[in-house]
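[1] structure of the sequence below:
(one chain, ligands or ions: 1)
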Amino acid sequence: MNPSILLVEDEEHLARGLRFNFEAEGYRVDVFERGEDALEQLEIAAKDPVDLVILDVMLPGISGFEVLERLRARENPVPVLLLTARDTNQDIVRGLDMGADDYLTKPFSLPVLMARVRTLLRRTTNTDEESASQRPFQIGKVTVYPQRFEIEREGERLRLTAMELSLLSLLFARRGTAVSRGEILEQVWDLHPDTRTRVVDTFVLRLRKLIEPDPSTPRHLLSVRSFGYRLEA
Ligand code: CA
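    Residues are numbered from 1 along each chain as shown. Below you'll find the model as predicted:
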C-alpha cells in the first residue's frame, strides 16, 4: 500500500499544492487545518496507521508544538516533520526536543521537502546491492537492518525512524570511541555544533529503550560525561 501522509497546514494554497504534488508521487494525503482534528484522526486511524505527519507550527487553535507534545505523550512514534517559521532557531530546537524527526523552515523548496519525506519514509523496497553502510550490524543481541529501518530483538521486529537510524549508524561506525554531542548534532541533524538542545540525549534515551537489555544501566550506548556518547557493540 502507498505511504500515507497526514498534513497539518492552515495555509490553503500551500496545503493544496503539497497535496497535489504528494498525490502525483503516489502518496495518500489527508489534510487538516487544525491540530485538534489531526490528533483525532491519528487516534481513530490506529487500524490504518499514518506513515508520516507533516506539521506546521503556526496553526489556528492549538499549535503544532502542542500537537507534537500530545502525540508523543500518547507514545505515538509516527515520524513528524515540522514546518517552522523563518529564522526561528529556537523553534527548531524546541521541536526536536519535543520529538520531531526533522524540520524545514518556511519558505522551503518543494524538491527539498519531497527528498526529506522520502528519507523519513524509506523502507526496504530497495533491491540494489547493499553498500557497507546498509549492511545489517549487531549490537549485543540486537541486529540492526539499516535498509529496512528495523531492528530485531529476541525475534521481535521494531521500526526505527530515519534520525534514530542515522544516530545509531554514526555511533556504530565509530564504535569504541567517544563521539561529541556537537559532532552528532552536525552530522545527524545538520545543526551547528553549539546549538543548545537536548535532542541528542532525547534520542539516546529512545535508542536505549530499543537496544539495551536494561535501559537504566546501559551496556552498549554509554554516556561520556560532559562530552557525548560512545557505543560498545
Ligand atoms: Ca500556519
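[2] hey, let's count contacts and neighbours off CA atoms from now on
    Will do.
[3] tell me where the model's unsure across this protein.
    46-47, 86-87, 122-133 (pLDDT under 70).
[4] got the residues of it near the ion?
    58-59 (CA under 5 Å from the ion).
[5] ok, for the residue in the chain that the ion sits nearest to, nearest residue in space, not its chain neighbours?
    With CA to the ion, the shortest gap between the chain and the ion falls at Met58, namely 4.1 Å. Counting by CA to CA, 6 or more residues apart in numbering, the nearest residue to Met58 once its immediate chain neighbours are dropped is Gly64, at 6.3 Å.
[6] how about stretch 185-203 as PDB, C-alpha atoms only?
    What follows is the C-alpha trace of stretch 185-203 in PDB, where atoms were taken according to Å, rounded to 0.1, in the frame of the first residue of the first chain:
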ATOM      1  CA  LEU A 185      24.200  17.500  16.100                       C
ATOM      2  CA  GLU A 186      26.100  18.400  12.900                       C
ATOM      3  CA  GLN A 187      26.100  15.000  11.300                       C
ATOM      4  CA  VAL A 188      22.700  13.700  12.200                       C
ATOM      5  CA  TRP A 189      20.600  16.900  12.500                       C
ATOM      6  CA  ASP A 190      22.600  19.300  10.300                       C
ATOM      7  CA  LEU A 191      22.600  21.800  13.200                       C
ATOM      8  CA  HIS A 192      25.500  23.900  14.400                       C
ATOM      9  CA  PRO A 193      27.600  22.000  17.000                       C
ATOM     10  CA  ASP A 194      27.000  24.800  19.600                       C
ATOM     11  CA  THR A 195      23.200  24.600  19.300                       C
ATOM     12  CA  ARG A 196      21.600  24.400  22.800                       C
ATOM     13  CA  THR A 197      19.300  21.400  22.600                       C
ATOM     14  CA  ARG A 198      18.700  18.200  24.400                       C
ATOM     15  CA  VAL A 199      17.800  16.400  21.200                       C
ATOM     16  CA  VAL A 200      20.800  14.100  21.200                       C
ATOM     17  CA  ASP A 201      20.100  13.000  24.700                       C
ATOM     18  CA  THR A 202      16.400  12.500  24.000                       C
ATOM     19  CA  PHE A 203      17.300  10.300  21.100                       C
END
